[in-house]
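A.B. asks: need a 3D model of the following:
(one chain, ligands or ions: 1)
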Amino acid sequence: MPSYAIETPPVVAIPVAGQDVLFPVRRVYCIGRNYAAHAIEMGHDPNREDPFFFQKNPDNLDPSGEFPYPPKSEDVHHEAEMAVALKSGGANIPLDQALDHVFGYALALDMTRRDLQGVAKKMGRPWEIGKAFERSVPIGPLHRVDEVGHLDQGRVELKINGDIRQEGDLNQMIWKVPEMISYLSEYFTLAPGDIILSGTPSGVGPVRKGDEIELSIEGCA
Ligand code: MN
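C.D. replies: Sure thing, here's the model as predicted:
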C-alpha cells in the first residue's frame, strides 16, 4: 500500500447536535430557485420546471458561526436554507424510499457573491466563482431525524441585526426533500456524507461587514 505523496487533507466534518460525534461530509449539492417567491424576485418563472443543482465544496462548510467577508465581491448575499444530510445513498432512489436516506437537518446559509454570479449567468458560465468560495456555507449542528423527525413544514426566518429580511415556510418548497433526493440520484450516485441545500425563500439581499445574521427554522433547533 503506497503512502500519500503529500499530507492528506483533513476530513471535513460538522457537529451533530447533542452528541460528541461529527458528521463527515462527502459532497454538497445545492438546488436553485426552489421557492416560487424567490424565483420571482430573481426574475424567473415560478412555475414548476425540472429542478437544477450546482455544487459547493465540502470544505466550504463552516460550523464556526463566523463569516468573513470574501474577496473580489461588493455584493455578498445571504440565502437562508435548510441543509439535508444523507446517511446512505445510491442511484435511482424511488421517491417513497428517499427519506430513509436522511440522517438529519441543519440550518445553513448559501452565501453568494451575487455580483460575480450575475456576470457568470449573463455569460452562460458556471456559478462556482459566485458560490463555491471559502467558508461560503455557514452551517449549524445537524439535528438527527431520530430527534426532530422529518422537516417538511415550519417557518424559515433570517434576521440581520434584529430585522427580519427573509421569511417563508419549508412547505413552500417547489421540490420537496424526497423529490430532490430521488431526482439527484438519477443523475449522481448519492452516498453517505452528502449534503443537499434545499433552496431559499424570498428576501435575499446583501450583508455588510459587522452584520449579525440570525437564522431560524422551526423544528430544526
Ligand atoms: Mn441557494
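
A.B. asks: identify the residue nearest the geometric centre of this protein.
C.D. replies: For the chain, the residue nearest the mean C-alpha position is Leu197 (2.5 Å; CA atoms, centre = their mean).

A.B. asks: so that one touches Val137, yeah?
C.D. replies: Yes: counting by CB atoms under 8 Å, Leu197 touches Val137, with 7.3 Å between them. (Each C-beta comes from the backbone N, C-alpha and C, glycine too.)

A.B. asks: about what we covered before: from Leu151, how far out is the residue nearest to the centre of the chain?
C.D. replies: 14 Å (CB to CB, to the nearest Å).

A.B. asks: shared neighbours of those two, anything?
C.D. replies: Counting by CB atoms under 8 Å, 6 or more residues apart in numbering, the residues touching both Leu197 and Leu151 are Met82.

A.B. asks: okay, and the common contacts of Leu197 and Val137?
C.D. replies: 28, 56, 108, 110.

A.B. asks: can you give me the pLDDT of the first one?
C.D. replies: We have a pLDDT of 98 for Val28.

A.B. asks: please renumber so the chain begins at 10
C.D. replies: Sure, I'll start numbering at 10, so the last one becomes Val37.

A.B. asks: give me the number of residues near it?
C.D. replies: Other residues near Val37 come to 26 when the count uses other CB atoms under 10 Å.

A.B. asks: now it: closest residue in space, sequence neighbours ignored.
C.D. replies: Lys65 (4.3 Å; CB to CB, 6 or more residues apart in numbering).

A.B. asks: list the contacts for the one you found?
C.D. replies: Per CB under 8 Å, 6+ apart, neighbours of Lys65: 37, 39, 119, 140-141, 145-146, 206.

A.B. asks: same thing with Asp161?
C.D. replies: Here Asp161 is in contact with 179-180, 185-186 (CB under 8 Å, 6+ apart).

A.B. asks: which of the residues you listed count as buried?
C.D. replies: Among the contacts of Asp161, those scoring as buried are 179, 185-186 (criterion: 16 or more other CB atoms under 10 Å).
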